[in-house]
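Student: Compute the structure for the input listed below.
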Amino acid sequence: MASSSAGIVTGLTAAALVTIGVLAHQASVSAPEELAPARATSSPAPGAAKAPRDKRHPDALPAMSGTGERVVYSVDDDRVWLVGPGNKVQRTFEVTPSTVDPAPGAYTVTSRSNRITGSDGIPVEHVVRFAGAQGVAIGFSAAVDGSTTPPDPDRPTGGIRESRADGDAMWKFATIGRQVVVVP
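Tutor: So this is what the prediction gives:
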């Protein structure tokens, strides 16, 4: 009797684990896109080198930054490029980085907010979110007061700050689904 009880328990446990796995899969594929965590749609090869830069033209679009209409963000250079049709740079500008950097890769804009209070307590506008890391959402924004003060290095924030004029341009360009390419 003891061995048949153990067999029944083993069978029930296996059935429960299969059921949990099926339900978890169904939940993951049917969850609304806005609830899914942002993740890179592609990533660089292990040990990927920094994208080569044109030393004579530091604001030139980095090589290996993708194709098509997109936002390109260089973590090392703290610079953004808005790239339109024909791979033509429509605008480029410097930004103040957040304390949490997105990993290099290709993302898409997942959400936007016209005006909110940033994770650092500063009112911001034209928030364009595209990634997440270390438990914080990462995106571009402009401080309503126009400041681009670097964030407190001891506080994890994902707000990549731009001027209000650059924030307006980003807001018009980076709609939901727009590709954002992050390069080293």
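
Student: Low-confidence regions, this structure specifically.
Tutor: 1-58 (pLDDT under 70).

Student: Show me where it has its helices.
Tutor: 2-30, 164-173 (DSSP state H).

Student: which other residues reach the shortest one?
Tutor: What that stands for is helix 164-173. 71, 80, 82, 84, 90-91, 93, 95, 112, 125-126, 128, 140-144, 146, 162 (CB atoms under 8 Å, 6 or more residues apart in numbering). All C-beta atoms are positioned from the backbone trio N, CA, C, and that covers glycine.

Student: cool, and stretch 87-96?
Tutor: Residues contacting stretch 87-96 (CB under 8 Å, 6+ apart): 59, 61, 67-68, 73, 78-84, 140, 148-151, 160-163, 166, 169, 173.

Student: looking at it, Gly177 is touching Thr108, isn't it?
Tutor: Yes: using CB atoms under 8 Å, Gly177 is in contact with Thr108, at 5.5 Å.

Student: Comparing these two, which residue is more hemmed in?
Tutor: Thr108 (19 against 9; other CB atoms under 10 Å).

Student: How much space separates that one from Pro123?
Tutor: 26 Å (CB to CB, to the nearest Å).

Student: Then Ala165?
Tutor: Counting by CB to CB, the gap from Ala165 to Pro123 is 17 Å.

Student: again, but for Val182
Tutor: 26 Å.

Student: Looking at those two now, which is surrounded by more residues?
Tutor: Val182 (23 against 12).

Student: Could you chop this protein up by domain?
Tutor: Using automatic domain parsing, the domains assigned to the chain come out as 2-30, 70-183.

Student: which one of the ones you listed is the most hemmed in?
Tutor: Most buried of those, by mean neighbour count (mean count of other CB atoms under 10 Å): domain 70-183, with a mean of 18.

Student: what's the span of it from first residue to last?
Tutor: End-to-end distance for domain 70-183, by CA to CA, to the nearest Å: 13 Å.

Student: what does stretch 60-69 give?
Tutor: 16 Å.

Student: and the angle for the biggest strand by length in the chain with helix 164-173?
Tutor: Secondary structure of the chain read by DSSP state E shows that its longest strand is strand 123-133. Angle of strand 123-133 versus helix 164-173, following axes from the mean of the first three to the mean of the last three CA atoms, to 10 degrees, is 60 degrees.
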